[in-house]
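[1] attaching a predicted model along with its sequence, questions to come.
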Amino acid sequence: MHFGLSEQQRELQEAARKFARAELPDLARELERDDKPVPDDMLRRYGEMGFLGINLPEQYGGMGLSHLDALLVLEEFAQISVAVAFPVFEALTGPVRTIEQFGSDALKSAILPEVIRGEKIVAVAMSEPGAGTALTDLTTTALVDGEEIVLNGQKRWSSGAGHSHYYITYCRFTEGGKPIEGAKGIGAVLVGKNDNGVSFGKPEELMGFRGIPSADIFLDDVRVPAGNLIVGAGGFGKLMSAFGLERCGNATMGLGVAAAALEDALDYTQEREAFGKPIVDFQAVQMKLAEMAMQVDAARLLIWRAAANSGNGLPTVYESSLAKCFSNEMVRDVTSLGVQVMGGYGYSKEYPMEQRLRDGFAWGIAGGTTDVQKSNITASMIGRRFNQRAK
Ligand SMILES: Cc1cc2nc3c(=O)[nH]c(=O)nc-3n(C[C@H](O)[C@H](O)[C@H](O)COP(=O)(O)OP(=O)(O)OC[C@H]3O[C@@H](n4cnc5c(N)ncnc54)[C@H](O)[C@@H]3O)c2cc1C
C-alpha cells in the first residue's frame, strides 16, 4: 500500500495551491464582506487554468484525470474559502456530474464545455420546504407534454439559486394526470434560470456560506424541451448513486476549511505570546493542535481512500458516507478548537477563523445530514436499507 501522491499529482496540487494562494485570498474577503458569488471574469480564469474540468471527459474540454486529482485541486480552493471553491465543487463533484453521468449526448455536449470553460454554472434543486431528509416526499411535478416537460413546484436551499444558469431539478413525474407516488415517481430535469415561469424568492441569510447565494425557486408552468430530461421516473436510485462523488466533494470542502484552520492556528500560536513566551509552549495549546492535526489527517485519508478505490467509477456508499460523515464532524471540531486557541482573536472577524467555523458547520447538513449518513453506513455494513417510514 502506498499513501503518497504521484509526481503528477503533486504538481497538480502545487499548481492549484499556487493559483489559489496568489489570486484568491483578497477575493475571498470581498465575497465574504459583500455576500457575492465568484465574479464571471474569475470563473473564466478558473476555466482557462483547467480547474473546472480536472476529472471531466476530454471530449468536452476536460482533462480526463481521476476523482482523486479533482479532490486535490478542490481542497486547495477550499482552504481559501468555501465561496471561492464552490464553482469547482459544483463542476468536479456536484451537479455537473449528474449531467455527465446520466444526461443525453446532446445535453452533455451543450452544457459540459460551457461549464468547463467557466461560462456557465449548474446548481442542484432537490430540497423543498417540506422535503429535505425525506426527499422522496418532494411534490414538484413534471408532466411530459409531447416534446415538452411542464414543471410546477417550489424548491428551497438550492446553493447558487438566482445566480446559477442551470438547475438540476428533482421532480415527481405524473402519469394519467396523477403524480406517481413514492421514490419511483422521482426523476430530474434541467431547468434554465431564464426559462419562462422560473422565479426566485428573497436571498436567504445563512449562518455562513456568504458568497454562495441561496433562495427559493418557484416553478410555475415551466416548459422545457423533452431533451432536458436527465433521469425519468424510476431513476431515483441512479440519481442517489451519483452522490458517492458528491459526498467526497462535500467532505473535501470541510477538509479544506479544517486544514486551513490548522495552518492558521499553527502560525498564530507560534507568534502570540502570553506570560512572556509563545502560547504554543503551553501544553494545553499543544494538545489542541495535535488533536486538530489528527482529525484533519484522518479525514483526508478517508476521503482519498474513497476516491482512490473508485477507479473510473463512483465511490461506494460505504466509503463515501464514512468520509463525508467523519469530515463533517471533524471540521466542526477542528474549527471550534481553532477559535479557542486564538482566544479573542479567534472570535473576531479580523481573522478568518470564525468564518471557517460558520462555513464548516454547513457541510454536515448540506448533501445529507450526518445522521442520515450514519444510517447509510450501518445499512451498508449489514447489507439492507432501513425503512425510515415504518411506524
Ligand atoms: C448550506 C446548505 C446548502 C444546501 N445546498 C442545497 C442544494 O444546493 N440543493 C438542495 O437541494 N438542497 C440543499 N440544501 C438542503 C439540504 O440538503 C437539507 O437541508 C438537508 O437534506 C436536511 O433537510 P432539512 O433541512 O429539511 O432537515 P430535516 O429533514 O427536517 O431534518 C432535521 C433534523 O432531523 C434529522 N432527521 C430527519 N430524518 C431523519 C431520519 N430518518 N433519521 C435520523 N435523523 C433524521 C436530520 O438529521 C436533522 O438533524 C442545503 C442546505 C444547507 C444548510
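    It's in. Note that the coordinates shown come from a computational prediction; the quantities given were computed from them, not determined experimentally.

[2] please tell me how far residue 370 sits from residue 162.
    Residue 370 sits 28 Å away from residue 162 when distances are taken as C-beta to C-beta, to the nearest Å. (Glycine included, C-beta is placed from N, CA and C.)

[3] please apply the same query to residue 319.
    35 Å.

[4] mind listing what residue 153 touches?
    Residue 153 sits next to 128, 138, 139, 140, 141, 171, 219 when contact means C-beta atoms under 8 Å, 6 or more residues apart in numbering.

[5] can you classify the closest residue to residue 53 other than its chain neighbours by secondary structure?
    By the measure of C-beta to C-beta, 6 or more residues apart in numbering, the closest residue to residue 53 outside its immediate chain neighbours is residue 62, 3.3 Å from it. Put simply, residue 62 is coil when judged by DSSP: H, G, I helix; E, B strand; the rest coil.

[6] next one: residue 195
    Secondary structure of residue 195, reduced to three states by three-state DSSP: coil.

[7] cool, the one 4 residues further on as well?
    Remark: residue 199 carries the secondary structure label strand [criterion: three-state DSSP].

[8] how about the nearest residue to it, chain neighbours excluded?
    Distances taken as C-beta to C-beta, 6+ apart put residue 218 closest to residue 199, at 4.7 Å, once the chain neighbours are dropped.

[9] report the buried residues of stretch 227-237.
    Using 16 or more other C-beta atoms under 10 Å as the test for burial, stretch 227-237 gives 228, 229, 230, 231, 232, 233, 235, 236.

[10] nearest to residue 199 among those?
    Nearest to residue 199, judged by C-beta to C-beta, of the buried residues of stretch 227-237 is residue 228 at 18.3 Å.

[11] quick one, what contacts the closest one?
    Taking C-beta under 8 Å, 6+ apart as the criterion, residue 228 is in contact with 107, 149, 189, 190, 191.

[12] ok, those vs the ligand, which is closest?
    Minimum separation from the ligand among these (C-beta to the nearest ligand atom) is found for residue 191, which lies at 12.8 Å.

[13] report the buried residues of the helix or strand where residue 32 lies.
    When elements are defined using DSSP states H and E, residue 32 is found to belong to helix 25-34. By neighbour count, with 16+ other C-beta under 10 Å as the criterion, the buried positions of helix 25-34 are 27, 28, 31, 32.

[14] go on, stretch 183-193?
    Neighbour-count burial for stretch 183-193 [16+ other C-beta under 10 Å]: 183, 185, 186, 187, 188, 189, 190, 191, 193.

[15] which residue, other than its chain neighbours, is closest to the second one?
    Residue nearest to residue 185 in three dimensions, not counting chain neighbours: residue 172, with 4.5 Å by C-beta to C-beta, 6+ apart.

[16] and the residue in the stretch 51-200 of the chain that the ligand sits nearest to, how far is that from residue 148?
    For the stretch 51-200 of the chain and the ligand, the shortest gap (C-beta to the nearest ligand atom) falls at residue 132, measuring 1.8 Å. Distance from residue 132 to residue 148, counting by C-beta to C-beta: 29 Å.

[17] what about residue 16, how many neighbours?
    A total of 23 residues lie near residue 16 under the criterion other C-beta atoms under 10 Å.

[18] hang on, I meant residue 42
    Residue 42: 17 surrounding residues under other C-beta under 10 Å.

[19] in helices only, show me the buried residues of stretch 227-237.
    Of these, the ones assigned to helices by DSSP state H are residue 236.

[20] of all the buried residues of stretch 227-237, which two lie farthest apart?
    Largest pairwise distance in the buried residues of stretch 227-237, by C-beta to C-beta, is 17.8 Å, between 228 and 236.

[21] how much space between the residue most central in space within the chain and residue 231?
    By C-alpha atoms, centre = their mean, the chain has its centre lying nearest to residue 250, at 4.3 Å. Spatial separation of residue 250 from residue 231 under the definition C-beta to C-beta is 21 Å.

[22] same question for residue 63.
    As defined by C-beta to C-beta, residue 63 lies at a distance of 26 Å from residue 231.

[23] and residue 89, how many neighbours?
    Neighbouring residues of residue 89 were enumerated by other C-beta under 10 Å; the total is 25.

[24] what residues does the stretch 151-300 of the chain put near the ligand?
    Applying C-beta under 6 Å from any ligand atom, one finds that the stretch 151-300 of the chain approaches the ligand through 157, 158, 159, 206, 209.

[25] just the element for the last one, please.
    I take that to be residue 209. Under DSSP H and E, no helix or strand contains residue 209.

[26] what about the closest residue to it other than its chain neighbours, distance to residue 69?
    Residue nearest to residue 209 in three dimensions, not counting chain neighbours: residue 362, with 5.6 Å by C-beta to C-beta, 6+ apart. In this view, residue 362 and residue 69 are 25 Å apart by C-beta to C-beta.

[27] if we can go back for a sec, just say helix, strand or coil for the residue nearest to the centre of the chain.
    For residue 250, the reduced secondary structure class is helix; criterion used: three-state DSSP.

[28] so which residues of the protein form strands?
    For the chain, the strands identified by DSSP state E occupy 122-125, 141-145, 148-159, 166-175, 178-179, 186-192, 198-200, 214-225, 229-231, 273-274, 277-278, in order along the chain.

[29] rebuild these as TSV, extending it with mean pLDDT.
    Rendered in TSV, the data for the strands of the chain read as follows (pLDDT from 0 to 100):
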stretch	mean pLDDT
strand 122-125	98
strand 141-145	97
strand 148-159	98
strand 166-175	97
strand 178-179	96
strand 186-192	98
strand 198-200	98
strand 214-225	98
strand 229-231	97
strand 273-274	98
strand 277-278	98
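
[30] tell me the most buried of the ones you listed?
    Across the strands of the chain, averaging neighbours per residue (mean count of other C-beta atoms under 10 Å) puts strand 122-125 on top, at a mean of 26.

[31] do that strand and the ligand meet at all?
    Yes - if you take C-beta under 6 Å from any ligand atom as the test, strand 122-125 does meet the ligand, through 123, 124, 125.
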